[in-house]
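Student: sharing a model that was predicted from the sequence below.
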Amino acid sequence: MPHEIDLRSDTVTKPTPEMRRVMAEAEVGDDVYGEDPTVNRLEALAARRLGKEAGLFVATGTMGNQVAIMTHTQRGDEIIVESDSHIFMYEVGATAVFSGAQIRQVPGAGGVLNPSGVEAAIRENDIHAPRTSLLCLENTHNRAGGTVTPVQRMRELYGVAKRHGMAVHLDGARVFNAAVALGVDAKEIAAWTDSVQFCLSKSLAAPIGSVIVGSKDWIDRARKNRKMMGGGMRQAGIIAAAGIVALEKMVDRLAEDHENARLLAENLAEVRGLRIDMNTVQTNMVFVDVSGTGMTADQFSLAGLEYGVKFNPSDPMKVRFVTHKDVTREDVLEAVKVVRRIAGGRQ
Ligand code: TLP
């Protein structure tokens, strides 16, 4: 039986041996008292890497985004997000529950928002209108295909938000993928935001956790909101230790995942019945329209499972493949063979 090839998400990455070792040996304390030296080290490192004053370790990307939204908004505010953003699509309506804010969806092109589209959605100062207080960006953009918003566009969007007195939060679950794809330091992306959430547990392969970064004052307030959400963890240095390795050792290798995604996309694009928008293949994701095979995305994914190749349906007719550190070039070529076999089955 060949080994399983898991392309469902980069969230499936296993911690490296070094991560496990530093977890076992981590110096810890009670983080609610601010006394966990390893958490403090991770938060300071994360802030430095993103060019912000302070950081806050949170359990998940969802928690990071929601603590950030809550810290930026008041109840009844409106926030602008890209129509297909993770915050809107996949966070279980949390913005309504925790922040009492309503979401205004603005469509982007390939996940990239247009400054004039954002500006048009900002509410007038009218007695009937909610206050538009926050713009949320997503870089890389998951549902658009792992697409990248260039630094110049981040800057333009930030300019629009600032002209209207709004804050900018970046859902940077995969901001280091964006930085590697753009060939820039992640700081250059983060410069055009007030806060960033990034995940340690996705392409950077840590087992748990995200960090939010921002100004010192903003992080102080976010820390209180995290506590309210039940996210005040105690000897969290055990997991923060792996996060430090993730930031120090796992960023530079992301280019390899991007090459593997490109290789996968180029090969799958040749398979009859499959359609891929190659323009969207910019980082570690490949979205494939399977409608030409006569199968639904669910059926297609189930067929993959039978051959030990896992990938997720993302839409009724689309499947998503994500490359990551536990998938080699050989695995990618093996997955191509399997997918070709499945696609051929109904022709
Ligand atoms: N994304 C997951 C699923 O929830 C879809 C995945 O497999 O890609 N922002 C972005 C852009 C994300 O892609 C995700 C997770 C999150 C936030 C949330 O992170 P977690 O899962 O840690 O809450």
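Tutor: Yep, it's here. Residues are numbered from 1 along each chain as shown.

Student: number of nearby residues for the closest residue to the ligand within the stretch 151-300 of the chain?
Tutor: In the stretch 151-300 of the chain, no residue comes nearer to the ligand than residue 173, which is 3.4 Å away by C-beta to the nearest ligand atom. C-betas here are computed from N, CA, C, even on glycine. By the criterion of other C-beta atoms under 10 Å, residue 173 has 28 neighbours.

Student: just residue 6 next, same as before
Tutor: For residue 6, using other C-beta under 10 Å, the count is 20.

Student: for residue 259, same thing?
Tutor: If we define neighbours as other C-beta under 10 Å, then residue 259 has 14 of them.

Student: next one: residue 337
Tutor: Residue 337 is flanked by 12 other residues according to other C-beta under 10 Å.

Student: which stretch of helix or strand covers it?
Tutor: Assigned by DSSP states H and E, residue 337 belongs to helix 329-345.

Student: helix/strand/coil for the residue nearest the centre of the chain?
Tutor: Most central in the chain under C-alpha atoms, centre = their mean is residue 173, positioned 2.5 Å from the mean C-alpha point. The assignment at residue 173 comes out as coil when based on DSSP: H, G, I helix; E, B strand; the rest coil.

Student: got the contact list for it?
Tutor: 61, 86, 138, 140, 142, 197, 198, 199, 202, 210 (C-beta atoms under 8 Å, 6 or more residues apart in numbering).

Student: how about 7 Å then?
Tutor: By C-beta atoms under 7 Å, 6 or more residues apart in numbering, the contact set of residue 173 is 61, 86, 197, 198, 199, 202.

Student: need the residues of the protein near the ligand, please.
Tutor: With C-beta under 6 Å from any ligand atom as the criterion, the chain comes near the ligand at residues 9, 11, 60-62, 65, 86, 90, 138, 142, 171, 173, 199, 201, 210.

Student: residue 80 contacts residue 106, doesn't it?
Tutor: Yes. With contacts counted by C-beta atoms under 7 Å, residue 80 reaches residue 106, the gap being 5.6 Å.

Student: one step back: okay, and which of the residues of the chain next to the ligand map to strands?
Tutor: 138, 171, 199, 210 (DSSP state E).

Student: can you tell me which of these comes closest to residue 190?
Tutor: Nearest to residue 190 among those, counting by C-beta to C-beta, is residue 171 at 12.3 Å.

Student: for residue 266, what are its contacts?
Tutor: By C-beta under 7 Å, 6+ apart, residue 266 has no neighbours at all.

Student: now do it, the pLDDT please.
Tutor: Among the per-residue scores, residue 266 holds a pLDDT of 98.

Student: can you tell me the SS state at it?
Tutor: helix.

Student: quick check: neighbours shared by residue 80 and residue 106?
Tutor: Contacts common to residue 80 and residue 106, judged by C-beta under 7 Å, 6+ apart, are 118, 121.

Student: okay, those two: which has more neighbours?
Tutor: residue 80 (27 against 18).

Student: host element of the more buried one?
Tutor: Using DSSP H and E, residue 80 falls in strand 78-82.

Student: average pLDDT across that strand?
Tutor: 98.

Student: what packs against it?
Tutor: If you count contacts as 3 or more C-beta pairs under 7 Å, 6 or more residues apart in numbering; DSSP states H and E, strand 78-82 packs onto strand 102-106, strand 132-138.

Student: and among the ones you listed, the most buried is which?
Tutor: Burial of those is given as mean neighbour count (mean count of other C-beta atoms under 10 Å); strand 132-138 ranks first at a mean of 26.

Student: contacts for it, please.
Tutor: In contact with strand 132-138 (C-beta under 7 Å, 6+ apart) are residues 69, 72-73, 77-82, 85-87, 111, 113, 118, 122-123, 149, 154, 157, 161, 164, 166-171.

Student: tell me which of these fall in helices.
Tutor: Using DSSP state H, the subset of the contacts of strand 132-138 located in helices is 69, 72, 86, 87, 118, 154, 157, 161.

Student: re the thing from before, of the contacts of residue 173, which is the most crowded?
Tutor: residue 197 (31 neighbours).

Student: which residues sit in contact with residue 86?
Tutor: Here residue 86 is in contact with 138, 142, 171, 173 (C-beta under 7 Å, 6+ apart).
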